[in-house]
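# Sequence and predicted structure below; questions after.
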Amino acid sequence: MPPVNCAISDLTPLTAISPIPWDKKAARHLYRRANFGASDAMLSDALAQSPEVVINTIIQEAINKPLTPDPEWAYWAISDYGVNATEEFTEQVVGFATDWLDRLYTGNLRDKMTLFWHNHFVTQYESYSCPSWMFQYYNVLERFALGNFKAFVREIGLTPAMLVYLNGVQNTRFEPNENYARELYELFTLGLDNGYTQQDIEETARALTGYNDFTEACAPIGFRPLFHDDTEKTIFGKTGTWGYDDVVDLLFAERGMEVATHICTKLYTYFVNPKVSEDIIAELASIMMTNDFEIAPVLTALLSSEHFFDEANHETIIPGHLELFFTHSKEQGIDINSELQFLIAGTASDIGQRLLSPVDVAGWQGNREWINTNTLIVRWGALQNLTDYFFLTNAEQYRQLAIDLTDDSNDPALITQRIIDHFIIQGLEQPEEYEKATIRFKSEIPENYFEDGSWNLYWDTAPQQIRLLLNYIATLPEYQLK
């Protein structure tokens, strides 16, 4: 029996008069899912507006965000490089990855969706090893992040990165290669064993032949009519001399609802809950179909709904390593430089989340797959190292964080609770859990200073106490959830 989603709310948009309150908890939930968290100041700004305005702003800012400018080398072939091509390759890829990390950390929903699609339409840099092909692939992910899914499918399959990674460049009428045809259906559009047959895969592979024309490494890959099978094929019960564009048209015409259901399920499990609500997904798929496979209306309906904000859908997802580390930093209200972002990415890479190279064509499986006995220890250590680094860089920011979250309280129990509730949306289940955390916060300061009220957040020890509390919070099971 599949796990059950306990949320009872539907896609009715959240408003100021909804039964689900528009409060700091709801705003924090929204920013964790639609971005990588938010500082307390950002949450306060959001609560000064209606939820409709905040959510619409998030969507529109994502849609309207300018695309990443083409680097100088965006369309270079190997002949455009000098004698030190390998060194130039490395410099370009590292520079691009560094910039991408900054866009993720400082960006918006567009950037988060680009990362989402990178884990859907997977390629691995090591398979094609061309900076220009890497950028062209990324550009398609970014352009269609909230765009039209049918157009997205049409274009992503012709990127050189995908043609090389899934062997499209080897797919000819003389020797058809089924790799891309299989993943097109199984992973990218329909889902495993859903609405297609082995014969559909074989016939589709024949229809996709001919994209084998390139003159040198990293150059464009074009169509060679000589290598294309122009005889009749039967796909989804339809017979014709189908080619690449015909396959996409047939797929969305004959299996449109299956495509919409598969994609809406992936969006739901990414943004809402691994335990799906079949009724909600059916409604989202209908919205996608009604809007001719546009992604933005689906995201708008989902992220603005009472169902999304239902407490049963809070802290139900284990975030990826990058997301966890970035959220940890952003929710402390701290800007991190590119060097630190790169170190964070290195740690994430060491435990299985490497930008530009998901583990395989199926991508990072996410949620519980992020956690094992090795990765959990590394995640704890990385979070604590970040806090320690921030403390050594500017200890006073922790004093200010506590003052802002607690209205300058001198009650250690209240301070502990407010800080925990800022970082853990649902808080802790039992009072004794807060009591244990309060003991950690008090550190080695004699109890009488708290009892007589002489201790306060302006003591020299306060930043260090907050640091200790944050490091304690980082090890709590609830902190591994978003």
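Received it, and whenever you're ready, just let me know what you need.

# secondary structure element for Asn374?
Asn374 is part of helix 373-393 when elements are defined by DSSP states H and E.

# which strands and helices sit next to the next helix or strand after that helix?
Sequence-wise, the next helix or strand downstream of helix 373-393 (DSSP H and E) is helix 396-406. Applying 3 or more CB pairs under 8 Å, 6 or more residues apart in numbering; DSSP states H and E, one finds that helix 396-406 contacts helix 40-47, helix 373-393, helix 412-423, helix 462-473. Every C-beta, even on glycine, is put in place using the N, C-alpha and C of the backbone.

# could you redo the last one with a cut-off of 6 Å?
Here helix 396-406 touches helix 412-423, helix 462-473, going by 3 or more CB pairs under 6 Å, 6 or more residues apart in numbering; DSSP states H and E.

# For Tyr196, which of these is the nearest?
helix 412-423 (44.8 Å; CB to CB).

# now the angle from that closest one to helix 40-47?
Angle of helix 412-423 versus helix 40-47, following axes from the mean of the first three to the mean of the last three CA atoms, to 10 degrees, is 70 degrees.

# quick one: contacts of helix 412-423?
402, 405-406, 409, 427, 434, 437-438, 441-442, 450, 469, 473 (CB atoms under 6 Å, 6 or more residues apart in numbering).

# And stretch 311-331, by the same measure?
6-7, 29, 36-37, 105, 272-273, 336, 344, 348, 351, 353, 367, 370-371, 382-383, 386, 425-426, 480-482.

# for stretch 450-462, same thing?
399, 402-403, 410, 412, 449.

# Just the buried ones from those residues?
399, 402-403, 410, 412, 449 (16 or more other CB atoms under 10 Å).

# Check those and tell me the two furthest apart.
Ile403 and Tyr449 (18.3 Å).

# Just the endpoints, please. Distance across stretch 27-47?
Length of stretch 27-47, first residue to last, CA to CA, to the nearest Å: 7 Å.

# how much space between the closest residue in space to Lys24 that isn't next to it in sequence and Val4?
Closest residue to Lys24 apart from its sequence neighbours, by CB to CB, 6 or more residues apart in numbering: Leu43 at 5.4 Å. According to CB to CB, to the nearest Å, Leu43 stands 31 Å off from Val4.

# do Ala161 as well
From Ala161 to Val4 the distance is 39 Å (CB to CB).

# of those two, who's got more company?
Ala161 (26 against 9; other CB atoms under 10 Å).

# Just to check, the more buried one is in contact with Phe121?
No. Ala161 is beyond contact range of Phe121, at 9.5 Å (criterion: CB atoms under 6 Å).

# ok so, going back, burial count for the residue nearest to Lys24?
Neighbours of Leu43 (other CB under 10 Å): 21.

# Could I get the pLDDT score of Arg143?
pLDDT for Arg143: 98.

# which non-adjacent residue is nearest it?
Looking at Arg143 with CB to CB, 6+ apart, the closest residue is Leu67, at 6.3 Å.

# Does the one you found fall in a helix, a strand, or a coil region?
Under DSSP: H, G, I helix; E, B strand; the rest coil, the three-state class of Leu67 is coil.

# now the one 5 residues further on
Recorded secondary structure, Glu72: coil (three-state DSSP).

# The closest residue to Asn471 other than its chain neighbours: neighbour count?
Leaving aside its sequence neighbours, Asn471 sits nearest to Gln384 (CB to CB, 6+ apart; 4.6 Å). A count of nearby residues for Gln384, using other CB under 10 Å, gives 18.

# Could you do the one 3 residues further on as well?
One way to gauge burial is a neighbour count; for Thr387, by other CB under 10 Å, it gives 23.

# could you list every residue that touches it?
Counting by CB under 6 Å, 6+ apart, the residues that Thr387 touches are 467, 470-471.

# Can you give me the separation between it and Val4?
37 Å.

# do the same with Gly157
Counting by CB to CB, the gap from Gly157 to Val4 is 37 Å.

# again, but for Pro431
29 Å.

# Could you do Trp133 as well?
44 Å.

# picking that back up, could you dump the helices and strands packed on helix 396-406 into CSV and include mean pLDDT?
As requested, these are arranged in CSV below (pLDDT from 0 to 100):
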stretch, mean pLDDT
helix 412-423, 97
helix 462-473, 98
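
# out of the ones you listed, which comes closest to Ile280?
Across these, Ile280 has its closest neighbour in helix 412-423 (27.9 Å, CB to CB).

# List the buried residues in the closest one.
Under 16+ other CB under 10 Å, the buried positions of helix 412-423 are 412-413, 415-423.

# which one of those is nearest Leu192?
Checking those one by one against Leu192 (CB to CB), the nearest turns out to be Phe423, at 37.1 Å.

# quick one, helices of the stretch 251-400 of the chain?
256-271, 278-290, 296-303, 306-309, 321-330, 338-350, 373-393, 396-406 (DSSP state H, counting those that start in this stretch).

# Averaged pLDDT, the last one. What do you get?
Yep, that's helix 396-406 we're talking about. On average, helix 396-406 scores 96.

# now do the second one
In this model, helix 278-290 carries a mean pLDDT of 98.

# can you list contacts of that helix?
Under CB under 6 Å, 6+ apart, the answer for helix 278-290 is 11, 256, 260-261, 264-265, 268, 297-298, 301, 307.

# how about it: buried residues?
Those would be 280-281, 283-289, for helix 278-290 by 16+ other CB under 10 Å.

# Might you calculate how far it sits from the centre of the chain?
21 Å (CA atoms, centre = their mean, to the nearest Å).

# what do you get for the longest one?
Distance, stretch centre to chain centre, for helix 373-393: 21 Å (CA atoms, centre = their mean).

# can you check the third one too?
The gap between the average C-alpha position of helix 296-303 and the chain average comes to 16 Å, counting by CA atoms, centre = their mean.

# What is that helix packed up against?
Counting by 3+ CB pairs under 6 Å, 6+ apart, helix 296-303 packs on helix 278-290.

# try the shortest one
Judged by 3+ CB pairs under 6 Å, 6+ apart, helix 306-309 is in contact with no other helix or strand.

# Which residues does it contact?
7, 9-12, 14, 18, 20, 26, 272, 280, 302.

# redo that, cut-off 7 Å
7, 9-12, 14, 18, 20, 26, 29, 272, 280, 302 (CB atoms under 7 Å, 6 or more residues apart in numbering).

# Output these as CSV; include the columns distance to Lys150.
Written out in CSV, the entries for those read as follows (distance: CB to CB, whole Å):
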residue, distance to Lys150
Ala7, 30
Ser9, 30
Asp10, 27
Leu11, 23
Thr12, 28
Leu14, 30
Ser18, 34
Ile20, 34
Ala26, 33
His29, 31
Val272, 24
Ile280, 22
Leu302, 19
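
# Which of these are buried, as a PyMOL select command?
Restricted to buried positions by 16+ other CB under 10 Å, the PyMOL selection for the contacts of helix 306-309 reads:
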select buried, resi 7+9+11+14+18+20+26+29+272+280+302
